[in-house]
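Chemist: show me how the following folds:
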Amino acid sequence: MSRLSIFADLACLAVAAWLAGTGQLAAQAGPALAGKVSAGQEALEGVLVSAKKSGSTITVTVVSDKDGRYSFPAARLEPGRYSLRIRATGYDLDGSDQVLVAADKTATADLALRKTGDISTQLTNAEWLASLPGTDAQKGQLLNCVGCHTLARPLNSKYSADDFLTTILPRMQGYVNQSIPAHPQLRRAERLMEERGDQRVQVYRGAAEYLASINLSSHPAWNFELKTLPRPTGAATRVIYTEYDLPRETIEPHDVVVDSRGTVWYSSFGEQNLGRLDPKTGAVTEFAIPEHKPGFPTGLLGLRSDQEGNLWFGNMYQATIAKFDPRTETFRFWPLEGEENIDAAQINMVSPQGSGVDGKVWAQNNGFAGVHRLDIASGKIETFEPFKGAAGSHNIYDVVPDSKNNVFFTDFRQRHIGRIDAKTGAIKLYEIPTPDSAPRRGSMDAQDRLWFGEYHADRIGMFDTRSEQFKEWPVTPKWSAPYDVTTDKNGDAWTGSMLSDRVTRLNPATGDAINYLLPRSTNIRRVFVDNSTTPVTFWAGNNHGASIVKVEPLE
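Modeler: Presented below is the predicted three-dimensional model:
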């Protein structure tokens, strides 16, 4: 059993009393809560210890050091009763999870851990993939599953290959990509540049046979060893996490951004709301968005700001480009019209970063691999189709403008970066060195270098748009599948994962990286760095956990 005790640091109290007597405002010298984490006689490094005050929506997490010791700074935990939880794969907390934090005192909670009875409940998607038998190509099929749910769901199922082929996979294909078990939504039409007919059947058959070979359909337990990743060490333990719970489990904070005033904004992936979070109090305000295509799936995806601080987003299957003015709290909309407003139309990304150059905003359309350009003044929308008439499947995933408002796009189904000239409309494609890399989402730095995640290649990619040269860096662990990449004021590149529950901070000059393990299962999409703090602060949404996560490296 763990020893859970609370005591006052007498020296701190004496100093506080003296300062109070002199009329000075005393600040607590020691931590608010501290202790040691151990399993038997072994001190454990890299254990995430989380504290949540009773009645609060905010959870603070720290990590134990090489001696097993952890501490919460006094400024992070106000007085009150807290529930504790830990994250250490293979272990559970043994004993009480309650502690009382008092003012001007250090509460002590020494935590004893015991071996868990069922390690499968603690595996990340990346650990499941590392454990599974089969080729990388077979496992790679499952990267499409984690957008809606964890891999534990199909792997715990008892469906046969025929069940998957005739029922389960077609049903999954019928859901839009913002679906989660608590809020599924059906497609109204299929995207135009996807597999069809026999080609789709072959894809389904391969996936069905593989899934039935690794789930529980033919044996009572998995016939492979469950493998886990090591706990954090060294620099990866010197960090503080803050999680902000959102009001409903159906809120999917796909994109999270912080404005110049420190206000946090998020896009609701499956609902018609733009959200605002006060990071000081955890209070959430939602701004309702009208439907422009009633009966079609709801939700918004990309959230980016222009030079004036307006927030722009794509309202996905509502086929609408939208702008929100935070000062007046009002929206403006530009819906697609005519033949481009097909049932499969899906505007995910809207990019206004270069609109100050020519008054135009770029967007993409996932329904037919198209790129749109909006003239803000006239409201006219023109359309480019880089792959019209091309063979094979294509998926224009992101559109990112450079300093002259030329736009660069990623083809998620292939290995290309594309460019559309802002003045001539000329289109050019560039081939990424790594085959089947699946470039997904990214950002442009001040040197007009496009940084992006290579989802199928476990790499961070960079394309220098001036020299037209690529550079790539591997991301660990395997099956991280980086979704998005951004750079900070120090030149470090940051990415997150839908699979590993880790945030990666890369030094491109040296290739060295730090992987910060997050406090709980965290499905990350967009990544954002606040450069106004020192050190910088990383933000992301937990898309399947209805929460927003702040990561503060301590160095």
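
Chemist: and stretch 342-360, end to end?
Modeler: End-to-end distance of stretch 342-360 (Cα to Cα, to the nearest Å): 23 Å.

Chemist: that should have said stretch 473-487, apologies.
Modeler: End residues of stretch 473-487 are separated by 14 Å (Cα to Cα).

Chemist: now the strands for the stretch 301-450 of the chain?
Modeler: 303-305, 311-314, 320-325, 330-335, 350-351, 360-365, 370-375, 381-384, 396-401, 407-411, 416-420, 427-431, 439-444, 449-454 (DSSP state E, counting those that start in this stretch).

Chemist: any chance of these in a markdown table with distance to Thr281 and mean pLDDT as columns?
Modeler: All C-beta atoms are positioned from the backbone trio N, CA, C, and that covers glycine. Output for these, formatted as a markdown table (distance: least, Cβ to Cβ, whole Å; pLDDT from 0 to 100):
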| stretch | distance to Thr281 | mean pLDDT |
| --- | --- | --- |
| strand 303-305 | 22 | 98 |
| strand 311-314 | 21 | 98 |
| strand 320-325 | 22 | 98 |
| strand 330-335 | 24 | 98 |
| strand 350-351 | 30 | 98 |
| strand 360-365 | 33 | 98 |
| strand 370-375 | 36 | 98 |
| strand 381-384 | 40 | 97 |
| strand 396-401 | 33 | 98 |
| strand 407-411 | 37 | 98 |
| strand 416-420 | 42 | 97 |
| strand 427-431 | 46 | 97 |
| strand 439-444 | 29 | 98 |
| strand 449-454 | 33 | 98 |
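
Chemist: and the ones you listed as TSV, adding mean neighbour count?
Modeler: Formatted as TSV, those follow (neighbours: other Cβ atoms under 10 Å):
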stretch	mean neighbour count
strand 303-305	22
strand 311-314	26
strand 320-325	21
strand 330-335	15
strand 350-351	26
strand 360-365	26
strand 370-375	20
strand 381-384	16
strand 396-401	25
strand 407-411	26
strand 416-420	21
strand 427-431	14
strand 439-444	26
strand 449-454	26
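
Chemist: with distance to Glu472 added, can I get those in CSV?
Modeler: CSV is the format used below for those (distance: least, Cβ to Cβ, whole Å):
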stretch, distance to Glu472
strand 303-305, 25
strand 311-314, 28
strand 320-325, 32
strand 330-335, 36
strand 350-351, 23
strand 360-365, 23
strand 370-375, 25
strand 381-384, 27
strand 396-401, 17
strand 407-411, 14
strand 416-420, 12
strand 427-431, 13
strand 439-444, 11
strand 449-454, 7
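
Chemist: among these, which is nearest Ser260?
Modeler: Minimum separation from Ser260 across those (Cβ to Cβ) falls at strand 303-305, 9.2 Å.

Chemist: mind listing the strands the closest one pairs with, and their directions?
Modeler: Strands that pair with strand 303-305, judged by DSSP bridges, come out as strand 311-314 (antiparallel).

Chemist: now the strand it pairs with - C-alpha only, PDB.
Modeler: Taking Å, rounded to 0.1, in the frame of the first residue of the first chain, the C-alpha atoms of strand 311-314 are listed here in PDB:
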ATOM      1  CA  LEU A 311     -10.200  33.000 -37.600                       C
ATOM      2  CA  TRP A 312     -10.900  31.200 -40.800                       C
ATOM      3  CA  PHE A 313     -12.100  27.600 -41.200                       C
ATOM      4  CA  GLY A 314     -13.700  25.100 -43.600                       C
END
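
Chemist: for Ala43, list each beta-bridge partner.
Modeler: Ser38.

Chemist: returning to what we had before: with respect to Thr135, which of the strands of the stretch 301-450 of the chain lies nearest?
Modeler: Going by Cβ to Cβ, the one of these nearest Thr135 is strand 449-454, 19.1 Å.

Chemist: just checking, what packs against the closest one?
Modeler: For strand 449-454, the helices and strands in contact under the criterion 3 or more Cβ pairs under 8 Å, 6 or more residues apart in numbering; DSSP states H and E are strand 439-444, strand 459-464, strand 482-487.

Chemist: columns distance to Glu339 on top of those, output as CSV?
Modeler: Shown next, in CSV, are the helices and strands packed on strand 449-454 (distance: least, Cβ to Cβ, whole Å):
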stretch, distance to Glu339
strand 439-444, 28
strand 459-464, 33
strand 482-487, 32
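
Chemist: which of those sits closest to Ala426?
Modeler: strand 459-464 (17.3 Å).

Chemist: can you give me the helices for the protein?
Modeler: In the chain, the segments counted as helices under DSSP state H are 10-21, 125-131, 136-140, 152-155, 161-163, 169-173, 197-214, 355-358.

Chemist: please work out which of those helices is packed deepest.
Modeler: Ranked by mean neighbour count, the helices of the chain are led by helix 125-131 with a mean of 23 (mean count of other Cβ atoms under 10 Å).

Chemist: right, and the helices and strands packed on strand 449-454 - which one's nearest Lys227?
Modeler: strand 482-487 (20.8 Å).

Chemist: and for the closest one, what's in contact with it?
Modeler: 440-443, 445, 451-455, 458-461, 475, 493-498, 504, 524-529 (Cβ atoms under 8 Å, 6 or more residues apart in numbering).

Chemist: just so I know, which of the strands of the stretch 301-450 of the chain lies nearest Gln122?
Modeler: strand 449-454 (25.6 Å).

Chemist: from the chain's centroid, how far away is the closest one?
Modeler: 16 Å (Cα atoms, centre = their mean, to the nearest Å).

Chemist: let the chain start at 15 from now.
Modeler: From this message on, residue numbering opens at 15, which makes the last subject strand 463-468.

Chemist: which residues touch that strand?
Modeler: Under Cβ under 8 Å, 6+ apart, the answer for strand 463-468 is 412, 414, 416, 422, 424, 431, 446, 448, 451-459, 473-479, 486, 495-501, 507, 509.

Chemist: can you find the helix or strand in this protein with the smallest mean pLDDT?
Modeler: Confidence across the helices and strands of the chain bottoms out at helix 24-35, with a mean of 33, counting by mean pLDDT, DSSP states H and E.
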